[in-house]
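S.K.: here are the coordinates; sequence isn't available:
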């Protein structure tokens, strides 16, 4: 009697189990992509009427596209999947791609084409993220554009001159005068010079110009005699650029002057006499400039060689060595006007 009562109940459970397994088999036969690739609206309706709720949250394509783009690399022998045709393609060599940062719920990364569309995907673990290292130059935040068509002049378009007033004072070793007057005391003298210089202000390291000097030198003779030498000479001048040695600045200057009418007036016990010369003077100095309101004040140390050749001499002379020179050394003060 009990067997008759339980038999319909067992039959009902067996039928329900058979129907459940048939439904599950039907779900297994449906490809996953047919569910995943449904339009968003249909996918929402499908989830609404589905009795089964997946434990993995669904990630839509819109969320993936809004996650941003990252650069990456795919090694050879990996497969990418076409999300439209559901076909797979094998990568034959490493490639570099752009992809969306966000994976879908199944761990796929979506590749961005050059035109901005999205057609392929690849498992996230098959794609290697790389850092962009091709941007070698970062423009500065603030800068001033360089002027266009800048032409640098390699020459001075307009020649300028710097006038200079100079005063020289020094001691003279008068070997020529000692020989001329046959007096050892004439070997020593005191010299003063007044100069007017004009120097070209150009970009060349060696600057050229001209000088005019008036020189007056006094020699003492024995028995209270005196020889006064004077000349007005002129010639070229050359000066180097300034050399900055941190502590001070210096430069070198040289000049060569000639005078066709140098005169030496001698007063001796036996009478007075005048001597006329052709003179040539070579002066070299080390200059130390200092800026001031007028331009430059210049302190110099100088040395000079003087060659004299007597002319128009009616008196008898006894010159032992006509090639003797007068040498002088001293200080100079100058003002360069700018």
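M.R.: That came through fine. Source: prediction; values computed, not measured. Numbering: from 1, shown residues only.
S.K.: Only C-alpha atoms from now on, for both contacts and neighbour counts.
M.R.: Will do.
S.K.: list the contacts for residue 113?
M.R.: By Cα atoms under 8 Å, 6 or more residues apart in numbering, residue 113 lies in contact with 98, 119.
S.K.: for the residue nearest to residue 222 when sequence neighbours are not counted, helix, strand, or coil?
M.R.: Nearest non-adjacent residue to residue 222, counting by Cα to Cα, 6 or more residues apart in numbering: residue 185, 6.3 Å away. Following DSSP: H, G, I helix; E, B strand; the rest coil, we place residue 185 in the helix state.
S.K.: show me what contacts residue 185?
M.R.: By Cα under 8 Å, 6+ apart, the contact set of residue 185 is 178, 220, 221, 222.
S.K.: And residue 244, by the same measure?
M.R.: For residue 244, the contact set (Cα under 8 Å, 6+ apart) comprises residue 250.
S.K.: Mind listing residues that contact stretch 196-205?
M.R.: Applying Cα under 8 Å, 6+ apart, the contact partners of stretch 196-205 are 155-156, 159-166, 207-213, 237, 240-241.
S.K.: Please check those residues and keep the buried ones.
M.R.: By neighbour count, with 16 or more other Cα atoms under 10 Å, the contacts of stretch 196-205 hold 163, 164, 166, 207, 208, 209, 210, 211, 212, 213, 237 as buried.
S.K.: any weak-confidence spans in the stretch 51-200 of the chain?
M.R.: For the stretch 51-200 of the chain, residues meeting the criterion pLDDT under 70 lie at 51-57, 131-137, 150-157.
S.K.: Let's see which of the buried ones among the contacts of stretch 196-205 end up in strands.
M.R.: Of the positions in the buried ones among the contacts of stretch 196-205, 163, 164, 166, 207, 208, 209, 210, 211, 212, 213, 237 sit in strands, assigned by DSSP state E.
S.K.: from those residues, which two are the most distant?
M.R.: Using Cα to Cα, the pair of those lying farthest apart is 207 and 213, separated by 19.0 Å.
S.K.: before we move on, the earlier item: for ChimeraX, write the select line for the buried members of the contacts of residue 185.
M.R.: One line in ChimeraX is enough to select the buried members of those, burial here meaning 16+ other Cα under 10 Å:
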select :178,220,221
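S.K.: Just give me the closest of the contacts of residue 185 to residue 259.
M.R.: Residue 259 lies nearest to residue 178 out of the contacts of residue 185, by Cα to Cα, at 21.0 Å.
S.K.: what about that closest one, which SS state?
M.R.: Using three-state DSSP, the structure places residue 178 in helix.
S.K.: Assess the claim that it and residue 189 are in contact.
M.R.: No. Applying Cα atoms under 8 Å, one finds residue 178 not in contact with residue 189, separated by 10.6 Å.
S.K.: Got the domain ranges for the protein?
M.R.: 68-134, 160-337 (automatic domain parsing).
S.K.: Distance from the chain centre to the longest one, please.
M.R.: Shown here is domain 160-337, whose average C-alpha point lies 45 Å from the average C-alpha point of the whole chain (Cα atoms, centre = their mean, to the nearest Å).
S.K.: What segments of the stretch 1-150 of the chain are helices?
M.R.: 2-29, 32-36, 40-49, 61-65 (DSSP state H, counting those that start in this stretch).
S.K.: What's the mean pLDDT across the first one?
M.R.: Rounded to a whole number, the mean pLDDT of helix 2-29 is 51.
S.K.: surely residue 91 meets residue 77?
M.R.: Yes. Contact criterion Cα under 8 Å: residue 91 and residue 77 qualify, at 5.3 Å.
S.K.: quick one, what contacts residue 268?
M.R.: Residue 268 is in contact with 221, 223, 224, 225, 226, counting by Cα under 8 Å, 6+ apart.
S.K.: among those residues, which two are most distant?
M.R.: Maximum pairwise distance in those, criterion Cα to Cα, is 9.2 Å, between 223 and 226.
S.K.: Between these two, point out the one with more neighbours.
M.R.: Between residue 223 and residue 226, residue 226 has the larger neighbour count (other Cα atoms under 10 Å), namely 17 against 9.
S.K.: nearest spatial neighbour of that one, skipping sequence neighbours?
M.R.: According to Cα to Cα, 6+ apart, the nearest residue to residue 226 is residue 220 (4.8 Å).
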